[in-house]
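1. turn this into a structure:
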Amino acid sequence: MLRSWALPRGLPQQPGDNRLAVQVPDHDLDHLAYEDAEKSVADTGWWEEHDRNDRRMVFTLHGRHDARRYALIQTSQDWLLRRTKDQPP
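-> Sure, this is the predicted structure:
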């Protein structure tokens, strides 16, 4: 299963940038490359968890071209994806 979030404005590009992340139903692995006119895959790769509690997870996404560190933070209704200031080399 793939744990999934919709990012209506895309991934945060600069450290300190925030984006709304709406949790959507989990998907089977065969949906990994699914795209249509309204949905696209931002990147593929693997992730590495650094810290987690009930409302926040800090992780690095190791994508096709680079690695970027993010914090996924639960708000009262949805989630917030923040690109951290501390980035991998």
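2. got the contact list for the residue located most distally from the centre of the chain?
-> Distance from the centre of the chain peaks at residue 37, with 20.3 Å (Cα atoms, centre = their mean). For residue 37, the contact set (Cβ atoms under 8 Å, 6 or more residues apart in numbering) is empty. Where you see a C-beta, it was placed from the backbone N, CA and C, and this is true even at glycine.
3. could I get the full set of strands for the chain?
-> 2-6, 18-27, 46-52, 56-62, 67-74, 79-83 (DSSP state E).
4. show me what the fifth one is packed up against.
-> Going back to what we said before, that points to strand 67-74. strand 56-62, strand 79-83 (3 or more Cβ pairs under 8 Å, 6 or more residues apart in numbering; DSSP states H and E).
5. for residue 18, give me its contacts.
-> Shown in contact with residue 18 (Cβ under 8 Å, 6+ apart): 12, 80, 81, 82.
6. Throw those into TSV and include distance to residue 41, neighbour count and pLDDT, thanks.
-> Converted to TSV, the contacts of residue 18 look like this (distance: Cβ to Cβ, whole Å; neighbours: other Cβ atoms under 10 Å; pLDDT from 0 to 100):
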residue	distance to residue 41	neighbour count	pLDDT
12	17	20	93
80	21	15	95
81	15	19	96
82	21	19	97
